[in-house]
Each structure stands twice: as structure tokens, then as C-alpha cells.
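K.L.:
3D, please:
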Amino acid sequence: MPRPHELPPEARIQWATARQAAAQDDDLLVEITEAFLSECDGLCSDLTRSLLEGNMSEATRAAHTLKCNLRSFGTGVASTMQRIEQSVKSGLMEPMIPVWQDVQPLVVHVAGQLRDWL
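P.N.:
Next comes the predicted model:
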């Protein structure tokens, strides 16, 4: 796992933002982190599958959930997830497949940072 300063900026966790999202409560931040980590792999798989199958509702749900979770940790990748979500809602699914393929490794890096933190 790369060190945080070696990660692309959009994959770096902003810990001040994460703590703010958890109301400065470290126990709550642990719970939020554990919840994200328990869902992350499944959401990534769901998004990949639903984009390839053209399942708009499933792709929108997965992109939305990932976006909200990633935003809680202050990552820039949340803005790309918002773009994917909005595009899918507009029916532009196929063009989002390569966007998701590019951004998924960044989501994996975020999850890795969170696992290291726990």
C-alpha cells in the first residue's frame, strides 16, 4: 500500500473532514469506517456489474452510496463518483464504464488507508 503522500491527491483521506463528519467522536469515526469497509467491495462489484448490464437503478444506488461514503472521508474521488451518479441518472451509462475503471483503484486506495488506520 502506498504511503498517503504517494497516493494521487483525490485518493487521500482528509482526516479533519472525516472527524468533522463524525462530530469529532473517534468511536463514531471507527463505526463509520467499519461500515464503509464492510460495504465497499460489494458496492464496487455492484457498480461494475450494473454498468456492464445496463441496470440504471442499481448503478445509481451503488454510485450514490460510494459518493456519500467517500465524501465523509473528504476524498476528491467523491466528485468523480458524483459525476458517475449524475451521468447514469441521465442514461449515460456506457461512457461511465471507463471512468469507473479509472476511479475504482482510487476507491481501493481509500479503503486501504482506512484499514491501515483501524
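K.L.:
for this structure, longest helix please?
P.N.:
Across the chain, the longest stretch assigned as helix under DSSP state H is helix 26-53.
K.L.:
Which secondary structure elements does it sit against?
P.N.:
Other helices and strands packing on helix 26-53, by 3 or more C-beta pairs under 8 Å, 6 or more residues apart in numbering; DSSP states H and E, are helix 15-21, helix 56-72, helix 96-117. Bear in mind the C-beta positions are built from the backbone N, C-alpha and C, glycine included.
K.L.:
Would you mind getting the angle between it and helix 56-72?
P.N.:
Orientation note: helix 26-53 sits at an angle of 150 degrees relative to helix 56-72 (axes from the mean of the first three to the mean of the last three C-alpha atoms, to 10 degrees).
K.L.:
which parts of helix 26-53 are buried?
P.N.:
For helix 26-53, the buried set under the neighbour-count rule, 16 or more other C-beta atoms under 10 Å, comprises 29, 32-33, 36-37, 40, 43-44, 46-48, 50-51.
K.L.:
how close does residue 90 get to residue 96?
P.N.:
Using C-beta to C-beta, to the nearest Å, we find residue 90 at a distance of 10 Å from residue 96.
K.L.:
before we move on, the earlier item: pick the most buried one from the helices and strands packed on helix 26-53.
P.N.:
Most buried of the helices and strands packed on helix 26-53 by mean neighbour count (mean count of other C-beta atoms under 10 Å) is helix 56-72; its value is a mean of 20.
K.L.:
List the contacts of it.
P.N.:
Outside of helix 56-72, the residues within contact range by C-beta atoms under 8 Å, 6 or more residues apart in numbering are 17-18, 21, 32, 36, 39-40, 43-44, 46-47, 49-51, 77-78, 81-82, 84-85, 88-89, 91, 93, 96, 107, 110.
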